[in-house]
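S.K.: Predicted model, plus sequence, below.
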Amino acid sequence: MSRTERVRSGAPLSVPHEWVSPAGCELCGRFHAGVCLNPVTASPAGLLTVSDALTPLGEVVDAAAEHLAVRHSYLDPEADEWPDWVLAELIVLWRAGPCEDCPVWNWKELAHHFMGWWQCEYERALPVWACRCGAVFKVCAAWDRAWDLYRPTADGLLGDAAGAVRLDSKGRVKRSDACPDCNRSFGGTVAEQADPQGCLF
Ligand SMILES: [Zn+2]
Ligand SMILES: [Zn+2]
Ligand SMILES: [Zn+2]
Ligand SMILES: [Zn+2]
């Protein structure tokens, strides 16, 4: 495990602007910046019969969405209707079939499969940051003023945990792990990148 450095005082850390968690697009669910190129703006076809009853596909998708809301808080259980893009994505995933992690294939496993799909989308979208030594990490905002760094896997997901940076309420480094490759503190490297002349660490 890497060395943890405690810093007693210092200037507020100027956190790299890319250390911001990506926000999911409300129109397509993907994590992209800027304008949505593939908005899902209508409830997908195939869920209801002409007399507005659920089709067999509609029953699977509706039960999966309900499970995501009620059991896993992925959707707002109080919402009047599920987002169109979620319904559309559930249909796409249902038709594509189970992955090797799915024990069986039914509405409940579709919900869990959706969560796995969403987690991969999220991890791929997380910002990448390079240490001075060239080591590359994915950065995940744990909460306000707290970041966790991970090695990326070959397919751009989160790999092994590499350390964390925590700031105090004044924005100064309270705790920083060190890069496992070069042993420089992450917080120190960030401060140096922001202000190469006046490094305080
Ligand atoms: Zn979008
Ligand atoms: Zn579940
Ligand atoms: Zn699966
Ligand atoms: Zn390094």
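M.R.: Cool, got the structure. Ligands and ions are numbered 1, 2, ... in the order given.
S.K.: use CA for all of it now, contacts and neighbours both
M.R.: Fine.
S.K.: So which residues of the chain form strands?
M.R.: 4-6, 128-130, 136-143, 146-152, 158-167, 173-177 (DSSP state E).
S.K.: Could you identify which of those is most buried?
M.R.: Among these, strand 173-177 has the highest mean neighbour count (mean count of other CA atoms under 10 Å), at a mean of 23.
S.K.: Which strands and helices lie in contact with the helix ranked longest in the chain?
M.R.: In the chain, assigned by DSSP state H, the helix with the most residues is helix 107-125. If contacts are counted by 3 or more CA pairs under 8 Å, 6 or more residues apart in numbering; DSSP states H and E, helix 107-125 sits against helix 56-70, helix 84-96.
S.K.: what's G171 in contact with, if anything?
M.R.: 12-13, 145 (CA atoms under 8 Å, 6 or more residues apart in numbering).
S.K.: tally of neighbours for C182?
M.R.: 12 (other CA atoms under 10 Å).
S.K.: residue contacts, it?
M.R.: Neighbouring residues of C182 by CA under 8 Å, 6+ apart: C133.
S.K.: switch the cut-off to 10 Å
M.R.: Contacts for C182 (CA atoms under 10 Å, 6 or more residues apart in numbering) come out as 131-135.
S.K.: From these, keep the buried residues only.
M.R.: Buried members of the contacts of C182, scored by 16 or more other CA atoms under 10 Å, are C131.
S.K.: got the contacts of C182 as a markdown table, with pLDDT and distance to ligand 1 columns?
M.R.: Shown next, in a markdown table, are the contacts of C182 (pLDDT from 0 to 100; distance: CA to the ion, whole Å):
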| residue | pLDDT | distance to ligand 1 |
| --- | --- | --- |
| C131 | 96 | 31 |
| R132 | 94 | 34 |
| C133 | 96 | 35 |
| G134 | 96 | 32 |
| A135 | 97 | 31 |
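S.K.: Just name the closest of the contacts of C182 to ligand 3, please.
M.R.: Comparing the contacts of C182 against ligand 3 with CA to the ion places A135 closest, at 31.5 Å.
S.K.: Return the distance of W19 relative to W107.
M.R.: Using CA to CA, to the nearest Å, W19 is found at 36 Å from W107.
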